[in-house]
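Trainee: following is a predicted model, sequence given first.
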Amino acid sequence: MVFPFPLFAFMLASAALAAGQSPSATAADRTVIPYFTEGTSGPLPERYDVLAVDRAEFMKTVVEMGQTAVYPDYTEELLRVTWRQHDPIDVSIVKPNGITKPPVVIFLYGYGSDPEKFLHQEFCATLAGKGFAAVGFQTALTGPRYHDRPLKKWFVSELPESIGASVHDVQLMIDYLETRSDLDTNRIGIFGQGSGGAISILAAVADHRIKAVDVMNPWGDWPDWLLNSPVVPDEERADYTSSAFLKSLKPLDPLLWMENLDGRPFRLQLTLFDPAIPDKVRKKMQDGLPEKGQLATYPDQDSYVVNVSRNGRMLVWMQDQLGILRADHSIVDNNGDSTSGQR
């Protein structure tokens, strides 16, 4: 179910009250961030085939603050950012309590994921328990960002926009996060799953402010994925395997860009039982792993539960890459020294 922003904020406040917490509700605040340029004729047309964001293509960013809910272990903020007309983005920021300027991890769950994931207290507490601030938002043409279009125009039919616009969104989101004094934006990681994994790889290629990349079952190798993935309806498959459609996607194929991540921490996680990723695509993504990249495979549900979902074990890898000591959540600086900000 998709909720409009006011209802989403109300649900966040209600969840806090039900848990016996008092959300620190403040008057709605609109902040215009002045670092984007806009000509007298408005933003330029957005180029989805170019990974690096061109800020001249966007409005001045507007930030609308929603509710803030305080729980025993974490604080969650709900806000909305807008840098395209008619495409506001609802953002959840989950911060661990008692840690000064935690590192940041952006979470992209992509097409078909639960848009309410960041409303689940157990999920948010698990994230906060790893000592970083988690930033979550829906990618283009998913959840509340899919509107005012005919049903035949959907995520896959508009895949160049779905992927390209979201790659730009990640970079603009980091621009916003850098304006905040409560986050350590020198240590940004990104996790993406499915289409979110593809977007995460491409965003990290474009933006070196992202220091660590962790992806699970990323979409990619577009010719084979579109030909074989069950996500694509059979009656539409011919449209998406045409030479013209594939040509539009070539600049956005993470398989062709992954090697550019060599030198930064990069982990490719593959669940061998996920039917959305054809075997041929899985093999090519594995073969395309950068020399220093890490591979984790899960042959069945049991291995997935043990290594990924149980107590947030999957997040330990990102903790290590961002220099978070697991025992007390101290933050290790770039010189290997422990800094203030312990729980």
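Mentor: Cool, the structure landed.
Trainee: residue boundaries of the helices in the chain?
Mentor: 5-18, 121-128, 159-177, 195-206, 222-228, 237-240, 243-249, 254-257, 279-287, 301-304, 316-321 (DSSP state H).
Trainee: so for Thr139, which of those sits nearest?
Mentor: Counting by C-beta to C-beta, Thr139 lies closest to helix 159-177 out of the helices of the chain; the figure is 4.0 Å. Heads up, the C-betas are built off the backbone N, CA and C, glycines and all.
Trainee: okay, the angle between that closest one and helix 195-206?
Mentor: 60 degrees (axes from the mean of the first three to the mean of the last three C-alpha atoms, to 10 degrees).
Trainee: that older thread, mind putting the helices of the chain in a markdown table, mean pLDDT included?
Mentor: Formatted as a markdown table, the helices of the chain follow (pLDDT from 0 to 100):
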| stretch | mean pLDDT |
| --- | --- |
| helix 5-18 | 41 |
| helix 121-128 | 95 |
| helix 159-177 | 98 |
| helix 195-206 | 98 |
| helix 222-228 | 98 |
| helix 237-240 | 98 |
| helix 243-249 | 98 |
| helix 254-257 | 98 |
| helix 279-287 | 96 |
| helix 301-304 | 93 |
| helix 316-321 | 96 |
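Trainee: buried deepest among the ones you listed, which one?
Mentor: Greatest average neighbour count among those goes to helix 195-206 (a mean of 28), per mean count of other C-beta atoms under 10 Å.
Trainee: and it, how far from the chain's centre?
Mentor: 9 Å (C-alpha atoms, centre = their mean, to the nearest Å).
Trainee: same deal with stretch 131-138?
Mentor: Stretch 131-138 sits 8 Å away from the centroid of its parent chain (C-alpha atoms, centre = their mean).
Trainee: now that stretch: average pLDDT?
Mentor: Across stretch 131-138, the average pLDDT comes to 97.
Trainee: cool, stretch 48-57 as well?
Mentor: 96.
Trainee: between the two ends of stretch 206-218, how far is it?
Mentor: Stretch 206-218 has an end-to-end distance of 17 Å (C-alpha to C-alpha, to the nearest Å).
Trainee: same check, this time on stretch 186-201
Mentor: 19 Å.
Trainee: contact partners for Val170?
Mentor: If you count contacts by C-beta atoms under 8 Å, 6 or more residues apart in numbering, Val170 has them with 106, 108, 190, 199-200, 203, 207, 210.
Trainee: check contacts around the residue most central in space within the chain.
Mentor: In the chain, the C-alpha nearest the mean C-alpha coordinate belongs to Leu108, at 2.5 Å (C-alpha atoms, centre = their mean). Contacts for Leu108 were tallied using C-beta under 8 Å, 6+ apart; they are 136-137, 139, 166, 170, 190-193, 196-197, 199-200.
Trainee: coming back round to it: now, the most widely separated pair of the contacts of Val170?
Mentor: Leu108 and Asp207 (13.4 Å).
Trainee: how close does Phe132 get to Asp320?
Mentor: Separation of Phe132 from Asp320 (C-beta to C-beta, to the nearest Å) stands at 12 Å.
Trainee: just to revisit the earlier point, mind putting the helices of the chain into a markdown table with distance to Ala52?
Mentor: Listed next are the helices of the chain as a markdown table, based on distance: least, C-beta to C-beta, whole Å:
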| stretch | distance to Ala52 |
| --- | --- |
| helix 5-18 | 29 |
| helix 121-128 | 29 |
| helix 159-177 | 8 |
| helix 195-206 | 5 |
| helix 222-228 | 20 |
| helix 237-240 | 26 |
| helix 243-249 | 18 |
| helix 254-257 | 12 |
| helix 279-287 | 23 |
| helix 301-304 | 35 |
| helix 316-321 | 23 |
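Trainee: ok, for Tyr74, nearest residue in space, not its chain neighbours?
Mentor: Leaving out its chain neighbours, the residue that sits closest to Tyr74 by C-beta to C-beta, 6 or more residues apart in numbering is Ala128, at 3.4 Å.
Trainee: residues in contact with that neighbour?
Mentor: 73-74, 94-97, 134.
Trainee: kindly reformat these as JSON lines containing distance to Pro290 and neighbour count.
Mentor: Putting the contacts of Ala128 into JSON lines (distance: C-beta to C-beta, whole Å; neighbours: other C-beta atoms under 10 Å) gives the following:
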{"residue": "Asp73", "distance to Pro290": "36", "neighbour count": "15"}
{"residue": "Tyr74", "distance to Pro290": "33", "neighbour count": "22"}
{"residue": "Val94", "distance to Pro290": "30", "neighbour count": "25"}
{"residue": "Lys95", "distance to Pro290": "31", "neighbour count": "23"}
{"residue": "Pro96", "distance to Pro290": "31", "neighbour count": "21"}
{"residue": "Asn97", "distance to Pro290": "36", "neighbour count": "12"}
{"residue": "Ala134", "distance to Pro290": "25", "neighbour count": "25"}
